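> Return a 3D structure for these sequence lines:
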Amino acid sequence: MKRCLMAGVACAGMMVAALGWAQEQLDDYAQQLPLELSGEGPWYRLDIPMALHFAANYGDLRDLRVFNGEGQALAYALVAGQGEARASQQEHRVKWFPLYAGEGDDHAVPSLRVQRGTGGTLIELLDEPAQAKPAVLRGWLLDASAVDDSLVQLQLDWSGPQEGFQRFTIEASDDLKSWRPWGTGQLARLSFADERVEQRHVELPGQKARYLRLLWQNPEQAPQLTAASLRSQRTETAPAPLVWSQTLAATHAANGEYHWHLPKGLPLQRMQVELSQPNSLAPVRVSGRSEEKTSWQPLAQGLLYRLPESGDEIVQDELTLPGWPVQQLRVQVDERGGGLGRDPQIKVALRASQLVFLQRGSPPYRLALGRANVQSAALPLTTLIPGYQPQRLQQLGSAEVQLPAADALVQKQSAAPKQDWRRWGLWLVLLLGVGLLAAMAFSVSRRPSTE
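Alright, predicted model coming up:
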């Protein structure tokens with residue numbers, strides 16, 4: 001029994017040692033770059049430069065880590081750059097037309113005739129039959145056909161002795177036949193002594209419509225409008241920010257065909273071709289592939305030029321790429337336009353991304369990358385920062401990585417064999433532990449019963 005207990009303790013010790021051996025260490029990574037922190041923590045964000053994309057072992061940055069001075073790996077998240085949405089508003093003065101209905105008929109809607117032409121839209125209220133009841137003002141029709149964007153606010157002004165609150169329904173239409181509800185509105189005008197309180201704005205749902213119909217819930221309170229305006233909103237999304245590489249020299253150039261080889265496959269978004277000579281004109285086709293033996297896939301085509309115009313110079317030297325992961329690029333030039341002159345250089349760009357990490361422990365803090373056979377340890381940003389809101393990202397402290405010279409920041413595969421030995425050693429320890437436990441179980445099962 002004592003022997004079995006000692007064997008169990010030894011097995012547990014091997015398991016604990018194996019787990020400790022499996023923890024990541026700074027020396028497991030080929031590149032170790034110092035970080036400088038500024039601003040308020042404990043969360044910091046780092047704009048990842050293209051040099052780190054080139055130096056990492058994987059295009060998705062799964063081998064990226066942050067370590068503190070104690071050698072502990074810190075929690076982090078990777079954030080892809082997002083296009084910024086920009087909203088602009090504009091106010092439009094619009095025409096309004098009274099809507100009459102028979103007295104006592106609160107739900108009647110008058111007949112309209114609409115005629116559209118090149119000069120605009122003509123809206124005519126048809127006369128009521130002679131036997132119709134005396135007409136009362138039921139509401140107003142607003143012509144928003146000249147507004148192309150979404151409607152977000154209505155503003156009215158009126159004359160008359162009416163004071164208090166006025167409630168009305170809002171309906172929208174594009175053809176004056178089919179109407180859809182847009183909720184209700186309320187106006188207010190209150191006065192006492194020399195003080196006055198007014199509410200002339202009504203929020204709209206942010207949708208498009210050519211016509212608005214305002215029907216007062218109490219027709220006797222429908223005021224005489226003196227002004228009506230609509231506020232529209234246009235939302236434009238700016239392109240996601242890009243991160244650019246340094247200039248890259250061609251690895252092959254012959255007969256108007258140029259090749260470039262990247263350290264790994266990357267989802268490229270744009271390419272810039274150097275036009276070193278004035279008066280350059282070159283129709284080009286760009287293709288790419290992820291491996292040496294695969295076929296070339298077309299990525300883009302266009303016209304590159306650097307030409308004079310009105311005493312100035314116009315340059316078109318960029319092409320948009322589809323964002324597929326490619327490691328090799330090929331540019332084929334139609335030399336009937338004169339070609340690109342000497343062997344051109346290019347810059348490539350991909351979607352910018354940020355690293356956000358939670359500071360813990362003491363400095364120095366280091367960014368590590370360049371490790372084979374590793375999985376990503378990134379957390380979702382909402383997990384890393386509880387209660388995260390998008391506007392909070394720009395409020396985080398900032399980190400800056402100190403990059404060595406460009407020729408020194410290259411991939412190193414020396415860490416890969418080391419990791420292979422560590423991985424096999426870990427499996428060996430685990431298998432020995434399992435074997436020892438199996439031997440203990442077999443020994444106990446063979447022992448004769450004492451009963």
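> Next secondary structure element downstream of the longest strand along the chain?
Longest strand of the chain, by residue count under DSSP state E: strand 257-273. Per DSSP states H and E, the first helix or strand lying C-terminal to strand 257-273 is strand 280-289.
> what comes up buried for that next one?
Ser280, Leu281, Ala282, Val284, Arg285, Val286, Ser287, Gly288, Arg289 (16 or more other CB atoms under 10 Å). From N, CA and C alone the C-beta is placed, and that goes for glycine too.
> repeat for stretch 263-273
Lys264, Gly265, Leu266, Leu268, Gln269, Arg270, Met271, Gln272, Val273.
> can you give me the offset of that stretch from its chain's centre?
Relative to the centre of its chain, stretch 263-273 is centred 19 Å away, using CA atoms, centre = their mean, to the nearest Å.
> could you check the distance from the residue lying closest to Gln327 once chain neighbours are set aside over to Asp194?
Spatial nearest neighbour of Gln327, chain neighbours left out: Gly265 (4.3 Å); criterion: CB to CB, 6 or more residues apart in numbering. Separation of Gly265 from Asp194 (CB to CB, to the nearest Å): 75 Å.
> Next, please give the residue ranges for the helices of this protein.
2-22, 50-55, 381-384, 415-446 (DSSP state H).
> weakest of the ones you listed by average pLDDT?
Among the helices of the chain, helix 2-22 carries the lowest mean pLDDT, a mean of 47.
> Isn't Leu156 up against Gln224?
No - with contacts counted by CB atoms under 8 Å, Leu156 stays clear of Gln224, the gap being 10.9 Å.
> These two: which has the busier surroundings?
Leu156 (21 against 11; other CB atoms under 10 Å).
> Give me the neighbour count for Arg196.
Neighbour tally, Arg196, other CB under 10 Å: 10.
> show me the contacts for it.
Contact analysis of Arg196 by CB atoms under 8 Å, 6 or more residues apart in numbering lists Arg189, Leu190.
> which ones are touching Leu303?
Contacts for Leu303 were tallied using CB under 8 Å, 6+ apart; they are Leu281, Ala282, Pro283, Val284, Gln316.
> Can you lay out those as TSV showing distance to Leu35?
What follows is the contacts of Leu303, written out as TSV (distance: CB to CB, whole Å):
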residue	distance to Leu35
Leu281	46
Ala282	42
Pro283	45
Val284	40
Gln316	39
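> Check these against Ala56 and report the nearest one.
Val284 (29.5 Å; CB to CB).
> Quick check: the closest one vs Leu268, distance?
For Val284, the distance to Leu268 equals 15 Å [CB to CB].
> what does Glu24 give?
Relative to Leu268, Glu24 is positioned 30 Å away (CB to CB).
> One more: Ala377?
Taking CB to CB, one finds Ala377 at 26 Å from Leu268.
> How about Leu358?
Leu358 is 31 Å from Leu268, by CB to CB.
> now swap in Ser276 and tell me
Distance from Ser276 to Leu268, by CB to CB: 22 Å.
> Check Ala254 too.
Note on Ala254: its distance to Leu268, by CB to CB, is 23 Å.
> quick one, domains of this protein?
Following automatic domain parsing, the chain resolves into domains at 1-30+413-451, 33-83+356-409, 89-237, 242-351.
> Worst mean pLDDT among those domains?
Averaging pLDDT over each of the domains of the chain puts domain 1-30+413-451 lowest, since it has a mean of 59.
> so what's Gly81 up against?
Ala240, Pro241, Leu242, Arg351, Ala352, Ser353, Gln354.
> For the fourth one, the count of nearby residues, please.
Under the neighbour criterion other CB under 10 Å, Arg351 is assigned a count of 18.
> so it makes contact with Gln82?
No - between Arg351 and Gln82 there is no contact under CB under 8 Å: 9.3 Å.
> Now for these two: what residues contact both?
By CB under 8 Å, 6+ apart, Arg351 and Gln82 have these common neighbours: Ala240.
> and Leu307, how many neighbours?
Neighbour tally, Leu307, other CB under 10 Å: 14.
> Who does it form a beta bridge with?
Ile314 (DSSP bridges).
> residues contacting it?
With CB under 8 Å, 6+ apart, Leu307 has these contacts: Asn279, Ser280, Leu281, Glu313, Ile314.
> and if you look at Tyr76?
By CB under 8 Å, 6+ apart, the contact list for Tyr76 reads Leu64, Arg65, Val66, Leu355, Val356, Phe357, Leu358, Ala377, Ala378, Leu379, Leu384.
> Over to Arg306?
Leu275, Gln277, Pro278, Asn279, Ser280, Glu313, Ile314, Val315, Gln316, Asp317.
> Mind checking which of these are buried?
Buried among the contacts of Arg306 by 16+ other CB under 10 Å: Leu275, Ser280, Asp317.
> How many neighbouring residues does the residue lying closest to Leu187 once chain neighbours are set aside have?
What sits nearest to Leu187 in space, not counting adjacent residues and going by CB to CB, 6+ apart, is Gln166, at 4.5 Å. The local packing of Gln166 (other CB under 10 Å) involves 20 other residues.
> do the same with Gly339
Using other CB under 10 Å, the number of residues around Gly339 comes to 15.
> what's near enough to touch it?
Gly339 is in contact with Gly256, Ala282, Val333, counting by CB under 8 Å, 6+ apart.
> Gly71 now?
Gly71 touches Gln25, Leu26, counting by CB under 8 Å, 6+ apart.
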